[in-house]
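**Q** pasting a predicted model and its sequence here:
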Amino acid sequence: MAEPKIKRRGILLVLSSPSGAGKTTISRALVAGDRNLRMSVSVTTRPRRPREIDGRHYHFVTHDQFDLMVGRGDLLEHATVFGNSYGTPRKPVMEALENGKDIISDVDWQGTQQLTAQVREDLVSVFVLPPSMAALKRRLQSRAQDPREVVQARMAKSSDEMSHWAEYDYVIVNQDLAASIRQVRAVLTAERKRRVRQMGLADFVNRLRGEA
């Protein structure tokens, strides 16, 4: 028998980690296996990498365009990292949440702080830690997307990023990718059942009582 459909408000699931710890890989795996979960597409001023598609991986904009969006309040959060700006568009996220769709976003701790101030009741935050600094460095080097000096800068910044772990609802250590995906999926499953998010629950219970 199919589970009764009860109207629910969506969740904004945020994953943060130092660069290379696995937040993006985990996010994409979750989206691939869940029809009610979609990835938030951020805007950024950084150059497009090979095989990235504008509008799918990011919305690539100029610095002037980004500043205009900030000034109009079009972004739920925004930050500048390694000289490039990133932000989460407000309209598509809020529309999805109101329609009971879940959004996943892989932003840093600065973005998470801003999202907490803006949409705390809709937010579920997860911090992903690497199993060791040596493993983190290997993962960054294996990506072969950034020059050596950028890898070094990311490693230097990782300690400061990890110091914000206590600001998150959940923390996992990404020792095994498959296990980490299962753990975050379990968080999402539980959070979907929170009473306060099931907006149609009162009507459903009243109908049940009327059948008694």
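**A** Now that the structure is in, tell me what you want to look at.
**Q** what's the nearest residue to Arg90 if we skip its chain neighbours?
**A** Among residues not flanking Arg90 along the chain, Leu76 sits closest, at 4.9 Å (Cβ to Cβ, 6 or more residues apart in numbering). All C-beta atoms are positioned from the backbone trio N, CA, C, and that covers glycine.
**Q** how about that neighbour, secondary structure?
**A** For Leu76, the reduced secondary structure class is strand; criterion used: DSSP: H, G, I helix; E, B strand; the rest coil.
**Q** any idea how far Val124 is from it?
**A** From Leu76 over to Val124 the distance is 15 Å, taken as Cβ to Cβ, to the nearest Å.
**Q** Arg194 now?
**A** If you measure Arg194 against Val124 using Cβ to Cβ, the figure is 9 Å.
**Q** okay, those two: which has more neighbours?
**A** The residue with the greater number of neighbours, taking Arg194 and Val124 and applying other Cβ atoms under 10 Å, is Val124; the counts read 22 against 12.
**Q** and the more buried one, that one's in a helix?
**A** No: following the definition three-state DSSP, Val124 is strand and is not counted among the residues of a helix.
**Q** quick one, what contacts it?
**A** Residues counted as contacts of Val124 (Cβ atoms under 8 Å, 6 or more residues apart in numbering) are Ile11, Leu12, Leu13, Val14, Asp169, Tyr170, Val187, Leu188, Glu191.
**Q** for Ile104, list each beta-bridge partner.
**A** According to DSSP bridges, the partner residues bridging Ile104 are Leu13, Met39.
**Q** quick one: it and Ser40 touch, right?
**A** Yes: with contact defined as Cβ atoms under 8 Å, Ile104 reaches Ser40; the gap is 6.7 Å.
**Q** the two: which is more packed in?
**A** The neighbour comparison of Ile104 against Ser40 (other Cβ under 10 Å) goes to Ile104, with 24 against 19.
**Q** distance check, that one against Arg195.
**A** 22 Å.
**Q** then Asp160?
**A** Applying Cβ to Cβ to Asp160 and Arg195 gives a distance of 37 Å.
**Q** quick one: low-confidence parts of this protein?
**A** Along the chain, the model assigns pLDDT under 70 to residues 141, 143-146, 150-151, 212.
**Q** quick one: the strands in it, in order.
**A** Assigned by DSSP state E, the strands in the chain fall at 12-16, 37-39, 43-44, 59-60, 75-81, 84-89, 102-105, 123-129, 170-173.
**Q** contact partners for Ser27?
**A** Leu15, Met39, Ile104, Ser105, Asp106.
**Q** among those residues, which one has the most neighbours?
**A** Leu15 (27 neighbours).
**Q** leaving out chain neighbours, which residue sits closest to it?
**A** Lys23 (4.2 Å).
**Q** give me the number of residues near the nearest residue to Ser19 once chain neighbours are set aside?
**A** When the adjacent residues along the chain are set aside, Ser19 lies closest to Arg154, with 4.3 Å between them (Cβ to Cβ, 6+ apart). Neighbour count for Arg154, taken as other Cβ under 10 Å: 19.
**Q** that older thread, pick out whichever of Asp160 and Arg195 has more residues nearby.
**A** Neighbour comparison, Asp160 and Arg195: the larger count goes to Asp160, with 10 against 7 (by other Cβ under 10 Å).
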